[in-house]
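# sequence and predicted model, in that order:
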Amino acid sequence: EDQVTQSPEALRLQEGESSSLNCSYTVSGLRGLFWYRQDPGKGPEFLFTLYSAGEEKEKERLKATLTKKESFLHITAPKPEDSATYLCAIKAAGNKLTFGGGTRVLVKP
Amino acid sequence: ETGVTQSPTHLIKTRGQQVTLRCSSQSGHNTVSWYQQALGQGPQFIFQYYREEENGRGNFPPRFSGLQFPNYSSELNVNALELDDSALYLCASSLVSEETQYFGPGTRLLVL
């Protein structure tokens, strides 16, 4: 069965303090790994899709990387507006996304 | 380009009632997926619709059912509501040929 585990569950950062979020997965036949950002009470906002080990994608202060067992979301010099829950999901056989529990990030000024 | 929209934004029902949630997919997208997100957890896949047919289903009972219309919009129906059905219900649209799904703002359902 496909599984996704995110760590840590919560992360408190000072503004400018870079950090990384981890997404470990087990799957047979990965078709894609996805990162989303979710603000309280709102729907997930798409950030990145990664398809194969070694792939990297960047957007502003965020950079996502992928290996055969895990993905990292690096947040460089975060700002308070980067505070959100970051969700990782995988897609294998079938059409569903399997999500992890998310990492809640709080960036204090 | 119009994003995914959902209605209503909030809903309060009592146990045993039935509810219908609605979703309009992003312009050009032909596939709609529904997810249930309990507080503090990641979304759980309910089912997906493509060409007005169910195209995959998660571990949800038959009282969760859906429809897709020719314009690709969709409905999620839940019968015999239970307290545990209280959650944020998310709709996501995509192209059947692509992997990435784009989510709407969600409908918050509270069952009393």
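Received, thanks.

# all contacts plus neighbour counts: C-alpha atoms, from now on.
Fine.

# now what about the helix or strand hosting residue A:11, what contacts it?
Assigned by DSSP states H and E, residue A:11 belongs to strand A:10-14. Strand A:10-14 has contacts (Cα atoms under 8 Å, 6 or more residues apart in numbering or on different chains) with A:78, A:103, A:104, A:105, A:106, A:107, A:108, A:109.

# hey, C-alpha coordinates of that strand in CSV?
What follows is strand A:10-14 as a C-alpha-only set of coordinates in CSV (Å, rounded to 0.1, in the frame of the first residue of the first chain):
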residue,chain,number,x,y,z
ALA,A,10,5.4,21.4,13.0
LEU,A,11,8.3,23.8,12.5
ARG,A,12,8.8,27.2,14.1
LEU,A,13,11.4,29.4,12.3
GLN,A,14,12.7,32.9,12.7
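
# beyond it, next helix or strand please.
Under the assignment DSSP H and E, the closest C-terminal helix or strand after strand A:10-14 is strand A:19-26.

# helices or strands up against that following strand?
If contacts are counted by 3 or more Cα pairs under 8 Å, 6 or more residues apart in numbering or on different chains; DSSP states H and E, strand A:19-26 sits against strand A:3-7, strand A:70-75.

# let's go with 10 Å and repeat that
Strand A:19-26 is packed against strand A:3-7, strand A:10-14, strand A:32-38, strand A:62-66, strand A:70-75, strand A:84-91, strand A:98-99, strand A:103-108, with contacts defined by 3 or more Cα pairs under 10 Å, 6 or more residues apart in numbering or on different chains; DSSP states H and E.

# for residue A:50, grab the count of nearby residues.
For residue A:50, the neighbour count with other Cα atoms under 10 Å in any protein chain shown is 22.

# what about residue 3, neighbour count?
If you meant another chain, say so; for now it's chain A. When neighbours are defined as other Cα under 10 Å, residue A:3 has 13 of them.

# that's the other chain; I wanted chain B
15.

# low-confidence ranges in chain B?
Across chain B, the ranges flagged by pLDDT under 70 are B:1.

# and the strands in it?
Secondary structure of chain B (DSSP state E): strands at B:5-7, B:10-13, B:19-24, B:31-37, B:44-50, B:53-57, B:64-68, B:74-78, B:87-94, B:102-103, B:107-111.

# ok, the fourth one: who's next to it in the sheet?
According to DSSP bridges, the neighbouring strands of strand B:31-37, each with its direction, are strand B:44-50 (antiparallel), strand B:87-94 (antiparallel).

# pull out the buried residues from the longest one.
Which is strand B:87-94. Residues B:87, B:88, B:89, B:90, B:91, B:92, B:93, B:94 are the ones in strand B:87-94 that count as buried (16 or more other Cα atoms under 10 Å in any protein chain shown).
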